[in-house]
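Peer 1: fold the stuff below for me.
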Amino acid sequence: MITNSIHILFPVLLLLIFLFCYKSGGKRITKFYVHMTCRHCWRRFYTLMLLLILLLFHFNYVNIAQSVYDLAPSSVAFIFLFSHRFTERIIYYLQNRKTLFISAIIAMLCVFIPFLFSTVVTIEVLLFGAIFYPSRKILEKISSPDYHKEIMERPRDIRYSYYSWND
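Peer 2: Alright, predicted model coming up:
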C-alpha cells in the first residue's frame, strides 16, 4: 500500500518542487545555481542523482508492476543515463522550449495509459533535470574571468541568465 502511494505521489512531489524552486530568489537556490554553474563536479553529481532517483523508482516499480514488460520502454531510455556526457546531451536537447513543451504534452497524455506509467515518470524526471540544469549560454559566459568574478560578488544576479536556454 505504501509503495503504491509513493508511486502515485512521486509525479506530484516533483511538480511541487518545481513550483517552489523555479526561478526562485532564495538563498539556497541561489547557492545551487552558482555551484551548478561554476563546478563540473556538481553537474556530474546532479546527473547521478537523477539516475539514482530513477533507479530507486524502477526498483520499487518492479514490485507493483503487473509484468516486467511495463518497464521496457522506460528502461531503454534509462540505460543511456549512465553516461554523464550523453545525459548532458539529452538535457541540452530538452532545454529547447519547443522540445520541452512537446515532451511535457506527451508525458501528460501517456499518464492515462497504465502500462506507460514508468515511462511517464522517466520523462518527467528528465524534464525536471533539464529545467534545473544550467544552460549552455551561462556555462560559456562563466568561463570568462570577468563574469565569474561578477557572479561571485553578486550571486543573486545569476538567476537572470541561468535559464537563458537555446531556442
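Peer 1: show me which helix runs longest in the chain.
Peer 2: As assigned by DSSP state H, the longest helix anywhere in the chain is helix 40-64.
Peer 1: secondary structure element holding the most centrally placed residue in the chain?
Peer 2: Nearest to the geometric centre of the chain sits Gly129, at 0.8 Å (C-alpha atoms, centre = their mean). Here Gly129, judged by DSSP states H and E, is contained in helix 117-131.
Peer 1: picking up where we left off before, can you read off the pLDDT for the residue nearest to the centre of the chain?
Peer 2: Gly129 carries a pLDDT value of 88.
Peer 1: give the contact list for the closest residue to it other than its chain neighbours.
Peer 2: Nearest non-adjacent residue to Gly129, counting by C-beta to C-beta, 6 or more residues apart in numbering: Leu50, 4.5 Å away. No exception for glycine: its C-beta is placed from N, CA and C like everyone else's. Each residue near Leu50 by C-beta atoms under 8 Å, 6 or more residues apart in numbering is listed here: 81, 87, 125-126, 128-129.
Peer 1: redo these as TSV? Include distance to Phe115.
Peer 2: TSV is the format used below for the contacts of Leu50 (distance: C-beta to C-beta, whole Å):
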residue	distance to Phe115
Leu81	21
Thr87	25
Val125	18
Leu126	19
Phe128	22
Gly129	24
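Peer 1: and the residues you listed, which of them are buried?
Peer 2: Buried members of these, counted by 16 or more other C-beta atoms under 10 Å: 81, 87, 125-126, 128-129.
Peer 1: closest to Tyr46 out of those residues?
Peer 2: Gly129 (7.2 Å; C-beta to C-beta).
Peer 1: surely the closest one meets Thr47?
Peer 2: Yes: when contacts are counted by C-beta atoms under 8 Å, Gly129 is listed as touching Thr47 (7.2 Å).
Peer 1: joint contacts of those two?
Peer 2: Common contact partners of Gly129 and Thr47 (C-beta under 8 Å, 6+ apart): Ile91.
Peer 1: number of nearby residues for Asn60?
Peer 2: Residue neighbour count, defined by other C-beta atoms under 10 Å, stands at 16 for Asn60.
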